[in-house]
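K.L.:
can't give you the sequence, but here's the structure:
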């Protein structure tokens, strides 16, 4: 299910447990949507989907439950997997598949 209530770290209510929303720590580029598993509380899985390029795969997000005193933890989602063009993996990709 596409999520419409995404909060990023730039949003004032990101760390406020009274503000509802799906908290995604990884900055999202324009055209990138968040898709989450529905029907469970708390949500067990989310990923990002680049709507500009239908050939791009979904990128899974991992979560960290941040403790909040006297309340349920805040579930914060983030993308921790390297992209093919980043760091040593990008160098290996460039070596194996030169442009």
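P.N.:
Nice, I can see it. The structure presented is a predicted model; accordingly, all values stated were derived computationally and were not measured.

K.L.:
need the contact list for the residue lying closest to residue 9 once chain neighbours are set aside.
P.N.:
Using CB to CB, 6 or more residues apart in numbering and skipping residues adjacent in sequence, the residue nearest residue 9 is residue 25, 5.9 Å away. In short, each C-beta sits where N, CA and C put it, glycine included. Contacts for residue 25 (CB atoms under 8 Å, 6 or more residues apart in numbering) come out as 8, 9, 76, 77, 78.

K.L.:
could you report the pLDDT at the closest residue to the first one other than its chain neighbours?
P.N.:
Ranked by CB to CB, 6+ apart and with sequence neighbours excluded, the top spatial neighbour of residue 8 is residue 24, at 6.1 Å. pLDDT recorded at residue 24 is 93.

K.L.:
and the strand ranked longest in the chain, what does it pack onto?
P.N.:
If you go by DSSP state E, the chain has its longest strand at strand 59-68. Counting contacts by 3 or more CB pairs under 8 Å, 6 or more residues apart in numbering; DSSP states H and E, strand 59-68 packs against strand 46-50, strand 71-78.
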